[in-house]
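Trainee: A predicted structure for the sequence below; I have some questions about it.
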Amino acid sequence: MTPLTEPLGLARALIRCPSVTPDDAGALDVLEATLEELGFSCHKLVFSEEGTADVANLYARLGEASPNFCFAGHTDVVPVGNPEGWDTDPFGAEIVDGHLCGRGAADMKGAIASFVAALARFLAQRPDGFDGSISLLITGDEEGLAINGTVKVLDWLGERGEALDVCLVGEPTNPEKLGDMIKIGRRGSLVGHLTVFGTQGHTAYGHLADNPIPRLIEMLGAITEKGLDEGTDHFQPSAIEISTIDTGNAATNLIPDRTSASFNIRFNDLHTAASIERWLRQTFDKIGGDKHGGRYELKLQVSGEAFLCPPGEWSELVAGAVERTIGIRPELSTSGGTSDARFIQRACPVAEFGLPGKTMHKANERTALGDLEKLADIYKAVLDDYFAGR
């Protein structure tokens, strides 16, 4: 095997590409060259949409037969933040105390490298081939708007008549140690921007003005004082968090004519974005609507609906491979934020399993060298089990 089909070598090469969303910085070229060496047919796909940056993506496939086992991930990373908070060059891919350090080491260039290493080992043991296909769907905007990435690659596959049969997403799913957790679903996410209007005036003559701030506080209290639900068998309770409150008013003797707040709702599969919106508007109308002497504006952004791939054959195969390889039975969970699995689940059963995520998005992001190798062993076991007898 060449160095780039070993997990450490490829992970270091990928980290050294400063691929902060939406810039690819050569990361996909590194991956494409490695996959072509393994016999994959690669398609570099650049998608664009008005008002957004162009995004490069990669779809690679080995074989033409069904079933098509897909590994999905992303080479884009979040910004490094304050460089002074790093002990090493964020894109230097340095090794310190048995850890690979750099932006993307955990989220998720390390997992991509481990999967490619698993592939190389799987193919080396099958010189006569196997019955089926293996593909990789790698996007460059998972950390960004997620507009010109996985969604459009899936549309492109549909236009070509290509189907995915199962998908393993390499997100960092483990809270503490490798083997902790497999994600089989995700909560939905909705961001609300609420502006409440009033009438400006002097604080000494409040009866001549209409202060919107008390109404805003009451409206926010109405959606946060009681929970949306108590959770389900597979989901924790939905959560509402207020992220900003702002009037833009620097004067202490001035009643503002408007005030605003932003909030985020992470909702489980008891709800949809549409049902959440109806509830919000009905609640706000009772306090700050026209019929009650107020006026407000509510703008919503939905980044994903809640979804669940119920425990079954696919999640059991992945969990069994983890347990057999490292002796840990992972929990099946839907916790955490969103990922591109929210799009892929529309096409096929999906599960997420990758490296421990304690340092993702932080300064000094890193992953243990031993975890890179163990993850490659787990991915190899997943491939072996899935294609057993084929």
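Mentor: It's in.

Trainee: Doesn't Ser243 belong to a helix?
Mentor: No. Remark: Ser243 does not belong to a helix; assigned using DSSP: H, G, I helix; E, B strand; the rest coil, it is strand.

Trainee: That one: neighbour count?
Mentor: Here the neighbour count serves as a burial measure; for Ser243 (other CB atoms under 10 Å) it reads 11. Quick note: C-beta positions are derived from backbone N, CA and C, even for glycine.

Trainee: pLDDT score for the nearest residue to Arg390 once chain neighbours are set aside?
Mentor: By the measure of CB to CB, 6 or more residues apart in numbering, the closest residue to Arg390 outside its immediate chain neighbours is Asp131, 3.8 Å from it. Predicted confidence (pLDDT) for Asp131: 95.

Trainee: Helix or strand: which one has Asp131?
Mentor: Secondary structure from DSSP states H and E places Asp131 outside every helix and strand.

Trainee: Tell me who's in contact with it.
Mentor: Applying CB atoms under 8 Å, 6 or more residues apart in numbering to Asp131 gives the contacts Ala65, Phe387, Arg390.

Trainee: out of the residues you listed, who's nearest Leu216?
Mentor: Compare each of those with Leu216 using CB to CB and the shortest gap goes to Phe387, at 57.2 Å.

Trainee: Show residues contacting the longest helix seen in the chain.
Mentor: Secondary structure of the chain per DSSP state H: the longest helix is helix 369-386. Applying CB under 8 Å, 6+ apart, the external contacts of helix 369-386 come out as 7-8, 11, 67, 69, 71, 95, 98-100, 110-111, 113-115, 117-119, 121-122, 134, 166, 168, 178, 317-318, 320-322, 324-326, 353-356.

Trainee: For the residues you listed, which PyMOL command selects only the ones that are buried?
Mentor: If you want just the buried ones from those in PyMOL, going by 16 or more other CB atoms under 10 Å, the selection is:
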select buried, resi 7+8+11+67+69+71+99+100+110+111+113+114+115+117+118+119+121+122+134+166+168+178+317+318+321+322+325+326+353+354+355+356
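
Trainee: measure Ala319 to Gly102 for me?
Mentor: 30 Å (CB to CB, to the nearest Å).

Trainee: neighbour-wise, which of these two wins?
Mentor: Remark: of Ala319 and Gly102, Gly102 carries more neighbours, 30 against 22, as counted by other CB under 10 Å.

Trainee: contacting residues for that one?
Mentor: Under the criterion of CB under 8 Å, 6+ apart, the neighbours of Gly102 are Arg12, Ile15, Arg16, Thr88, Asp89, Pro90, Phe91, Gly92, Ala93, Glu94, Glu365, Arg366.

Trainee: And the residues you listed, which is closest to Leu216?
Mentor: The closest of the contacts of Gly102, once distances to Leu216 are taken by CB to CB, is Glu365, at 37.6 Å.

Trainee: pretty sure the closest one is in contact with Lys358, am I right?
Mentor: No. Counting by CB atoms under 8 Å, Lys358 is not a contact partner of Glu365; they are 9.5 Å apart.

Trainee: okay, and the common contacts of these two?
Mentor: In contact with both Glu365 and Lys358: Ala106, using CB under 8 Å, 6+ apart.

Trainee: Who has more neighbours out of these two?
Mentor: Neighbours were tallied for Glu365 and for Lys358 using other CB under 10 Å; the higher tally belongs to Glu365 (27 against 15).

Trainee: how close does that one get to Asp24?
Mentor: Note on Glu365: its distance to Asp24, by CB to CB, is 19 Å.

Trainee: what's the answer for Glu225, then?
Mentor: Going from Glu225 to Asp24 by CB to CB gives 46 Å.

Trainee: So the two - more neighbours on which side?
Mentor: Summary of the neighbour comparison: Glu225 and Asp24, criterion other CB under 10 Å, with Asp24 having more neighbours (23 against 8).

Trainee: these two touch, right, that one and Thr75?
Mentor: Yes. With contact defined as CB under 8 Å, Asp24 counts as touching Thr75 (7.1 Å).

Trainee: Now do the shared contacts for the two.
Mentor: When contacts are counted by CB under 8 Å, 6+ apart, Asp24 and Thr75 are jointly contacted by Cys17, Gly140.

Trainee: Count the residues that sit near the residue lying closest to Ala120 once chain neighbours are set aside.
Mentor: With CB to CB, 6+ apart as the measure, Thr5 is the residue that lies nearest to Ala120, at 4.0 Å, once sequence neighbours are left out. Residues lying near Thr5 (other CB under 10 Å) number 21.

Trainee: quick one, what contacts Glu277?
Mentor: Listed by CB under 8 Å, 6+ apart, the contact partners of Glu277 are Leu190, Leu300.

Trainee: try 7 Å
Mentor: Glu277 sits next to Leu300 when contact means CB atoms under 7 Å, 6 or more residues apart in numbering.

Trainee: mind checking the SS state of it?
Mentor: Reduced to three states by three-state DSSP, Glu277 is helix.
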